[in-house]
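A.B. asks: sequence and computational prediction follow.
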Number of protein chains: 4
Amino acid sequence: MRVLFVGDIVGRPGRKALQKFLPKVRKEYGPFDFVIANVENAAGGFGITQKILDELLAVGIDCMTSGNHIWDKKEGVSLLDMEPRLLRPANYPPGCPGRWCMTLDGEAGRLVVLNLIGRTFMFDVDCPFRRADEILQDVAAPVLVDFHAEATSEKRALALYLDGRISALLGTHTHVATADEEILDGGTAFITDVGMTGGHAGVIGMQKDSVISRFLTAMPARFEACNEDLRLNGACVDIDASSGKALSIRRISVREGCETPNE
Amino acid sequence: MRVLFVGDIVGRPGRKALQKFLPKVRKEYGPFDFVIANVENAAGGFGITQKILDELLAVGIDCMTSGNHIWDKKEGVSLLDMEPRLLRPANYPPGCPGRWCMTLDGEAGRLVVLNLIGRTFMFDVDCPFRRADEILQDVAAPVLVDFHAEATSEKRALALYLDGRISALLGTHTHVATADEEILDGGTAFITDVGMTGGHAGVIGMQKDSVISRFLTAMPARFEACNEDLRLNGACVDIDASSGKALSIRRISVREGCETPNE
Amino acid sequence: MRVLFVGDIVGRPGRKALQKFLPKVRKEYGPFDFVIANVENAAGGFGITQKILDELLAVGIDCMTSGNHIWDKKEGVSLLDMEPRLLRPANYPPGCPGRWCMTLDGEAGRLVVLNLIGRTFMFDVDCPFRRADEILQDVAAPVLVDFHAEATSEKRALALYLDGRISALLGTHTHVATADEEILDGGTAFITDVGMTGGHAGVIGMQKDSVISRFLTAMPARFEACNEDLRLNGACVDIDASSGKALSIRRISVREGCETPNE
Amino acid sequence: MRVLFVGDIVGRPGRKALQKFLPKVRKEYGPFDFVIANVENAAGGFGITQKILDELLAVGIDCMTSGNHIWDKKEGVSLLDMEPRLLRPANYPPGCPGRWCMTLDGEAGRLVVLNLIGRTFMFDVDCPFRRADEILQDVAAPVLVDFHAEATSEKRALALYLDGRISALLGTHTHVATADEEILDGGTAFITDVGMTGGHAGVIGMQKDSVISRFLTAMPARFEACNEDLRLNGACVDIDASSGKALSIRRISVREGCETPNE
Ligand SMILES: [Fe+2]
Ligand SMILES: [Fe+2]
Ligand SMILES: [Fe+2]
Ligand SMILES: [Fe+2]
Ligand SMILES: [Fe+2]
Ligand SMILES: [Fe+2]
Ligand SMILES: [Fe+2]
Ligand SMILES: [Fe+2]
């Protein structure tokens, strides 16, 4: 079973990068049984809307994960209870709207997508370690986790904690791809962060001037998505559907005029 | 001018990895005009000592940078005012012991090494952006910056802010190498994080059990350096000595039985 | 010289409390040479507007201090460069709009009002300790500092650091009055926090339901000013105009039907 | 039923203040059915030991609560499973040693003491709101909660959330007493923080020099308990044993040569 996971799609440039480079990724790395993408920043960097969700489904995204920014747009929040293909992290407290798991069925078998979020340097939500324990108890199929977190330590610690119980733990949220993709001892594919999909000329997907200005002045600033140096970042994971073990993980970064991805 | 920068050396396993793999790195990527390493974690993960400093000098480190952990051992702090080859971040407030800049002279020319630290998710120190402005005013030679910081946004923002004024900004502190090395428009080599040098089987250089336990219980835990899967992580930067522009940046990750680095 | 300092005025209920109880406070504790108020939350809890500023001046506020929320409304930010009676913390970095000091002249003499902000649990601004040193070098008159900060330790540490150099350091920002008002050894009046002016039935000036809901769900929530249990909180400080020493500090809390303040 | 709650006892000066002033407090406010104290800082400011625990029991403490510092001394941690009169916050994750509840029985009836800890600006533990819900389900007797937390908003939000279900929520941790003691609408006594017991001349119980130095340099510093201006801070709560409603709450602050407490 071959899965493509696309890192945080940031604004219109992110959607453009997805549309532009997905065919190339399919050709080079596919065909894929399932395509999953983190969409927390899909609408101008902040949340999602119905229109954008439809646009992403049309491109061929099978399942959408998210993170802290999913709450940014009211319209996006209201989608959470209606659209089963849109997930929010499972360890937000009970009472929050939305689903956190999706079962994908295809010719190659079944894959469960689980979304979790970290706490270090982030927000006061439930423990992602114990929440994962709880959820995995009831799941038989191979599981792919999008762990949306800031701290490298929390991400790797959770991956090692779940190693052998899930097929893959792919990190998101920092918007910068890490170079540490590997198959852990227990058979779980891991990467600290797959990076983001959008304009890479700025600062983590946003235009650089307002971000730099914010660091210089400590005043709040309005950020807009960066439109230069579009790239699709993500990872391609091969999973043995019967054992649930990952067979391989490859980091993907495709940009304009760069025929061989990641070079 | 060719420079090797070695990411945070963590404990005895980090020093072992350095000794073991440095010859291989020299052969594959060298010869180097200068070798620089971040040593904030060299003594058991926390600070540095005279003995370890001597050991690192003996291996051929020309300049040692550091970060938040440099204050962990009293002996290491007392070295700061005595050893000109040991730096601490320049934007710790006035009154802190130690130097933050070192001028390296070699056949290929002069290189100034500057150490800075970030603030986001870290500590209340002086603004790294303005501190860099201040220091760079008085420096004519090419400058290589070790920016020791947590947040991807702060690292890239500072790199873009200094682009064209420095030869390289290499990130440290997260202990996980990022896959975003590049030459920015103004000629500055950049990578969000070069990763760490030490045992990679655990969590960011420490044995996994106590780190996982800390996430599970929120109780303080004692961490010990991980001794498995030793790797030397860093970056190799070529700088045009007359213009100060970076010509290339290559990410380096060497481990046991892995003849071709980084594959 | 007698000064009234009014704690963070929160929204319309805060302005109402000010209008309603200021006469009573004047009668009980006055007459005052100067009336100063923190206005960072005056407009619905978030920033300030021209109209509200005029309203506060009309009630008799001589000088307005602020804090992190001063940037919340564009209109309020634009006032900073135009209105000399409106201050923002002095240790925001250079380049931020606005003033941070105001000199008040009256029959009893001259008083300089200085606004500073803390960093612990807050934002990455310049060091309030060194910024105070810098500013105080050039000031001869008695100085009253509004130190807008979260951590009790940072507030008391700055007060002790400046003790003998300023007439008073009055804390704001937590919106809860502390019971530790005193004259420090060097003659500086100090209180960790004077509390806030507005509706006290909710949570630090906001209606309780959305605040509780935020703690329960970790989802962002829209907060509205609480309109029940209006109180004016602040402090009254007597200063010897020639020596600049504080003679007394009294905590003030006036509410409906509570003729004797603070009981 | 009359209860005395004593705020964080800091080091030897805190224990001295307790021994010295408790008789005076008993005389002025007592007799007490139960005396409870927060002891997280009892051993030099960091944790507790068997010897100090015995000392506190000998003075007449019936129940000891704690907070984040309870883990500072190994000896103190090992006491948690052995000493039923020593509590740690209930919302540390399962797997942590220790108890979080104690039932006190006296002539005036039964009182359950519950210890909880906040998360805002603190550590990643379980939700104190939901943990309280869980525990209170099974408790019939009046409950007094020590909520050890930093943020004023989290403290008041939890108090309002539990109002009518518990007899009192008394805040600890900031070491500065607040002036907002009151009986909430549902009959729960509340104060944001009762303050600390120890030397008040320094910074929240520690000698001022090293604390100021830490703020000035951002370097770690060793803190020692302040021995000047000893005070016992706490609160006295009267509870109707049959209804569990609080009848009164009085803030207490007793120091040398100050016959009338709190004036
Ligand atoms: Fe995110
Ligand atoms: Fe994101
Ligand atoms: Fe570090
Ligand atoms: Fe490090
Ligand atoms: Fe504020
Ligand atoms: Fe405020
Ligand atoms: Fe505490
Ligand atoms: Fe404490």
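C.D. replies: Looks like it came in fine. Note that the structure is a prediction, hence the values are computed from the model and not measured. Ligands and ions are numbered 1, 2, ... in the order given.

A.B. asks: give me the most central residue, chain A.
C.D. replies: With distances taken as CA atoms, centre = their mean, the residue of chain A nearest its centroid is A:Asn38 (3.5 Å).

A.B. asks: so that one is in contact with A:Thr172, correct?
C.D. replies: Yes: at 4.7 Å, A:Asn38 counts as touching A:Thr172 under the criterion of CB atoms under 8 Å. For glycine as for every other residue, the C-beta is placed from the backbone atoms N, C-alpha and C.

A.B. asks: quick one: common contacting residues for these two?
C.D. replies: A:7-8, A:65, A:67, A:146, A:148 (CB atoms under 8 Å, 6 or more residues apart in numbering or on different chains).

A.B. asks: between those residues, which is nearest chain D?
C.D. replies: Nearest to chain D among the shared contacts of A:Asn38 and A:Thr172 is A:His148, at 15.2 Å by CB to the nearest CB.

A.B. asks: pretty sure the closest one is touching A:Leu87, no?
C.D. replies: No: assessed by CB under 8 Å, A:His148 is found out of contact with A:Leu87, at 10.4 Å.

A.B. asks: ok, those two, which is more surrounded?
C.D. replies: A:His148 (29 against 25; other CB atoms under 10 Å in any protein chain shown).

A.B. asks: who does the more buried one form a beta bridge with?
C.D. replies: Beta bridges link A:His148 to A:Ile117, A:Thr172, judged by DSSP bridges.

A.B. asks: circling back to that earlier point, where do the contact lists of A:His148 and A:Leu87 overlap?
C.D. replies: Here A:His148 and A:Leu87 share the contacting residues A:65-66, A:115, scored by CB under 8 Å, 6+ apart.

A.B. asks: got the contact list for the residue in chain A sticking out farthest from the centre?
C.D. replies: The C-alpha centroid of chain A is most remote from A:Thr217, which lies 31.2 Å away (CA atoms, centre = their mean). Applying CB under 8 Å, 6+ apart to A:Thr217 gives the contacts C:92-93, C:95-96.

A.B. asks: which residues of the stretch 151-263 of chain A lie near ligand 1?
C.D. replies: A:His173 (CB under 5 Å from the ion).

A.B. asks: where along the stretch 151-263 of chain A do the helices fall?
C.D. replies: Ranges of helices in the stretch 151-263 of chain A, per DSSP state H, counting those that start in this stretch, are A:152-162, A:208-217.

A.B. asks: pick the most deeply packed of the ones you listed.
C.D. replies: Looking across the helices of the stretch 151-263 of chain A with neighbours counted as mean count of other CB atoms under 10 Å in any protein chain shown, the highest average goes to helix A:152-162: a mean of 26.

A.B. asks: that helix and chain B in contact?
C.D. replies: Yes: remark: helix A:152-162 sits within contact range of chain B at A:152-154, A:156-158, A:160-161, by CB under 8 Å from any CB of the partner chain.

A.B. asks: run through who's touching that helix.
C.D. replies: Applying CB under 8 Å, 6+ apart, the set of residues contacting helix A:152-162 from outside is A:116, A:118-120, A:128-129, A:132, A:136, A:145, A:147, A:149, A:169, A:171, A:178, A:184, A:188, A:190, A:192-193, B:174-176, B:202-204, B:208, B:211-212, B:215.

A.B. asks: apply 6 Å and report the result again.
C.D. replies: Helix A:152-162 is contacted from outside by A:118, A:120, A:129, A:132, A:147, A:149, A:169, A:171, A:190, A:192, B:174, B:176, B:203-204, B:208, B:211-212, B:215, using CB atoms under 6 Å, 6 or more residues apart in numbering or on different chains.

A.B. asks: that older thread, tell me the confidence at the residue nearest to the centre of chain A?
C.D. replies: Looking at A:Asn38, its pLDDT stands at 98.

A.B. asks: swap in A:Glu256?
C.D. replies: For A:Glu256, the predicted pLDDT is 83.

A.B. asks: neighbours of it, how many?
C.D. replies: Neighbour count for A:Glu256, taken as other CB under 10 Å: 10.

A.B. asks: quick one: contacts for the closest residue to it other than its chain neighbours?
C.D. replies: Take A:Glu256 and drop its neighbours on the chain: the residue closest to it by CB to CB, 6 or more residues apart in numbering or on different chains is A:Leu230, 6.4 Å away. Residues near A:Leu230 by CB under 6 Å, 6+ apart: A:13, A:17, A:199.

A.B. asks: among those, which ones are buried?
C.D. replies: Buried members of the contacts of A:Leu230, scored by 16 or more other CB atoms under 10 Å in any protein chain shown, are A:13, A:17, A:199.

A.B. asks: contact partners for the second one?
C.D. replies: In this structure, A:Ala17 makes contact with A:197-198, A:230, A:232, judged by CB under 6 Å, 6+ apart.

A.B. asks: could you do A:Arg214 as well?
C.D. replies: For A:Arg214, the contacting residues are A:Ala221, by CB under 6 Å, 6+ apart.

A.B. asks: phi, psi for the residue in chain A positioned nearest to ligand 7 please.
C.D. replies: Residue of chain A nearest ligand 7, by CB to the ion: A:Asp124 (16.9 Å). Backbone torsions of A:Asp124, given as degrees, to the nearest 10, read phi -90, psi 80.
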